[in-house]
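when you get a sec, could you give me coordinates for this:
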Amino acid sequence: MKNCCEKCGKELGFFERSLKINNSRINIQYDALCSECHKTIKEGISQIDEMYQRVMGNLKENYRATNMAAVDIDTLIFLAVEALLVIEPNYFSDKTSLNQTIINRTDRIINKQNDMAKIVYKVLLYGFFDNLENNGLDKSKNFVSYMMQNTLYMEQLSMNCSEEVPRTYVNAFFSRKGFIMERIEKKTLLYVMIKDETVIDYEMKQTEDYYLIDFKNLFYTGDPGKNVQCYVNGVENAKTITKTIDNFNTKTTKKEERRIRDTLNIINEKVVRDLKSLKPDEAIDTIHLDCVLLCIAKNIRNDPEGRKSPIQAPDGLTVDLLWKKYTANLALMGIDSKEKAAEYIAKNCLYADGFHVKYGKKDPETGWAFFTTKGYIVAFDQSKRLFFMYTDDYPNDLYFPCNEMMYNGRQYLQLPMEDEVPNDDELDGILFFSRDVKLIMGIGHYFERNNMFYQMENFIEVEEAVYGDPEQLMEVKRVSDHLFRDFGYMPFCLYDEWYVIQKELRQDDILLNRLIPEKSGLRKRYATGDVIYAPKILDAFKNGARELQDNLEIMGESIAKGLLWCYFKASLIDTLSKEWVRIGGDILAAGDDLVTAFFKYSSLKTIEPEKTYYIGLFIYYLMDKNILPDTDFLDNYERAVQTFLECKREVDRTLAEQPAEPITQEINTEPETPRPQAAPADAAPEPEFKPLNWEDDKRGE
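Residues are numbered from 1 along each chain as shown. Next up is the predicted model:
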């Protein structure tokens, strides 16, 4: 019986030793080979191993893959093709060992894409069998069919991949994970990487000579500013490419939808478990939305797939999960659409990461946080510690007080906590720090906004208690009146002074920011804009608030400021209106309107109506008479001044037209107009005065 080579059929001599190859990993087995065929197949298998090693290197270095069995099949195909074109670009030639080992073609027709699929199958069979099996592609026929349907290889295309010339001829491989272009002249490879969730945006344009396919969101690796453009001859070739891209997009969309659905289910199981742990006696449908959001944020951030979606994104997993699983909780807040859910999260929650966080004596570490109106999560990246705080109360003191402080030469934002730190050298609470100043400021503003509601609730309680206690109310009146005694009435009749006072008070304190309306619709200055009294009045106001805080034992300087402001502002109209009556008289009658009032004012002979001080007093008088709204002096100022100027011009014109009366020696028998009464001893001087220093006052004497 003749002994022949199983591959080439060559008869082996009597003394020629037959060689064997048995590689179960790629299903290659020969019991009798001639030395030449043995060498060829050994080289082919070696190239398979080399390609496998290159794929593994790419996965570890560029994809940061750790679980190779979880790598999707399209990524493996893309990397295997890249390895093939690098290691054996002439794989389709029957003169190469790789082709002889894998293809072993008997016909003379070359199908490069089919040959490519067969070789890629062997590479994946060699090192990624589990991936093939998990996708039902462990059989050669199934895999080759899949790859032929989900990739495209085209020769002699023109692309804009060269810096020297606008168009370069290439052989191109298209897959859902990326494009590989082989420049025909230089035999070099160029790559275009495509992220998992990317839906390829392209536009096809027809010219006289070719079809241009412009890939708007695909860019060359190494040249991120240059998007891919492909020039194709013939409408059929162009349609083949666009059809392939459309198939990619369809598969990407379906796969992304499936990924999101699976991710949501996994995350929701953990959310439900957390909610049951936090609220064991409460039905999940009745739990407050903030508590649900905290659990969702925690589990999205800890899920490798979930963290790809920004927590506060309007179209992210948070909103999707709420809308699919927690519509009852949304309904409790009056939310009946995904858009309203996204709006609620944007307005009432804050997600932050990339900052440094410190607690106790341990060194700062990076972290992330999610804040809501009823609770927060602060997570430490390195130590994996997690602070989870939640309360059913609102308003609450979760973020109160919010302190900015210096520690070891750095600016921190301090969030106090209820538990005490045992060592006196340690700082109480959680400290936030970042080189990104805007990030820390954003967290601080969120704390302040929530503290405003807490402070407002406390302020209302304190205000009711003070107004219900005559002795405490007298103390507030004493401190408020002291401002008038020190500075008189003039600063509060001058637009520029009063504008600056309100603006600075509003910016200085979160509660005053709420109590003092924003003057966005008013001009910033009325005259020169120069202020003299405002800085001193601001200091006196702060000192008075501190004294009020101490004497009435008020918790928080901010509440004392709010109490003093509300009383002082309310007393302004009454006090300055009475001052006008003392100086100019109660000149208005029932039924008078604004124009009538200023005609009477402009006709007064006992004062100089043009003086700003008198105009200011008269405005308070009009507010007291309800001729002007009793909202704020600044709100009424411009309207009042314009009316005064018009009335004054009319009065002056009328006086100018009247004939001069002849001088007579007759004695005037009419009773003399009574002069205004003298000012009380404690009234402000008119209009010159010398403000006293707060420290010089002997209070209580």
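
pretty sure residue 127 sits against residue 56.
Yes: contact criterion CB atoms under 8 Å: residue 127 and residue 56 qualify, at 7.0 Å. Just so you know, the C-beta spots here come from the backbone N, C-alpha and C atoms, and that holds for glycine as well.

between the two, tell me which one has more neighbours.
Set residue 127 next to residue 56 and count neighbours by other CB atoms under 10 Å: residue 127 wins out with 20 against 16.

for the more buried one, phi and psi?
Main-chain torsions, residue 127, degrees, to the nearest 10: phi -130, psi 0.

how about the residue lying closest to it once chain neighbours are set aside, what does it touch?
The shortest distance from residue 127 to any non-neighbouring residue, by CB to CB, 6 or more residues apart in numbering, is to residue 52 (4.3 Å). Contact partners of residue 52, counting by CB atoms under 8 Å, 6 or more residues apart in numbering, are 83, 123, 126, 127.

equivalent analysis for residue 12, please.
If you count contacts by CB under 8 Å, 6+ apart, then residue 12 has 3, 4, 5, 18, 32, 34 around it.

look up how far residue 191 lies from it.
Remark: distance between residue 12 and residue 191 (CB to CB, to the nearest Å) = 46 Å.

how far does the helix or strand of the chain with the lowest mean pLDDT sit from its chain's centre?
Lowest by mean pLDDT, DSSP states H and E among the helices and strands of the chain is strand 403-407, with a mean of 76. Chain-centre distance of strand 403-407: 24 Å, with CA atoms, centre = their mean, to the nearest Å.

next: stretch 601-615.
55 Å.

what is the end-to-end distance of it?
One end of stretch 601-615 to the other measures 9 Å (CA to CA, to the nearest Å).

and it, which residues are buried?
Neighbour-count burial for stretch 601-615 flags 601, 602, 604, 607, 609, 612, 613, 614, 615 (criterion: 16 or more other CB atoms under 10 Å).

so for that stretch, mean pLDDT?
Average pLDDT, stretch 601-615: 91.

with stretch 551-570 instead?
91.

where in the stretch 1-150 of the chain is pLDDT low?
1-2, 13-18, 106-108 (pLDDT under 70).

for it, just list every one of the strands.
19-23, 28-33 (DSSP state E, counting those that start in this stretch).

which of the contacts of residue 52 tops the neighbour count?
residue 123 (27 neighbours).

so it is in contact with residue 83, correct?
Yes: using CB under 8 Å, residue 123 makes contact with residue 83 at a distance of 7.0 Å.

anything in contact with each of these two?
51, 52, 55.

longest helix anywhere in this structure?
helix 235-278 (DSSP state H).

following it, which helix or strand shows up next?
helix 289-302 (DSSP states H and E).

and that next one, average pLDDT?
Averaged across helix 289-302, the pLDDT comes to 96.

and for that helix, what are the contacting residues?
With CB under 8 Å, 6+ apart as the criterion, helix 289-302 contacts 267, 270-271, 274-275, 278-279, 306-307, 309, 311, 317-318, 321-322, 326, 329-330, 332-333, 335, 344-345, 348-349, 351, 368, 370, 372-377, 379, 386, 388, 390.

among these, which lie within helices?
In helices, judged by DSSP H, the following of the contacts of helix 289-302 are found: 267, 270-271, 274-275, 278, 317-318, 321-322, 329-330, 332, 344-345, 348.

from the residues you listed, list the buried ones, please.
Buried members of those, scored by 16+ other CB under 10 Å, are 267, 270-271, 274-275, 278, 317-318, 321-322, 329-330, 344-345, 348.

if we can go back for a sec, just checking, what packs against the least confident helix or strand of the chain?
Helices and strands touching strand 403-407, as assessed by 3 or more CB pairs under 8 Å, 6 or more residues apart in numbering; DSSP states H and E, comprise strand 410-415.

got any ranges where the stretch 551-700 of the chain has weak pLDDT?
658-700.

for the stretch 351-500 of the chain, which segments count as helices?
Applying DSSP state H, counting those that start in this stretch to the stretch 351-500 of the chain gives helices spanning 437-467, 470-487, 495-508.

and the last one, what's its mean pLDDT?
By that I understand helix 495-508. On average, helix 495-508 scores 90.

in that helix, what counts as buried?
Buried-residue list, helix 495-508, by 16+ other CB under 10 Å: 495, 496, 497, 498, 499, 500, 501, 502, 504, 505, 506.

report the inter-axis angle for it versus helix 470-487.
Calculated by axes from the mean of the first three to the mean of the last three CA atoms, to 10 degrees, helix 495-508 forms an angle of 130 degrees with helix 470-487.
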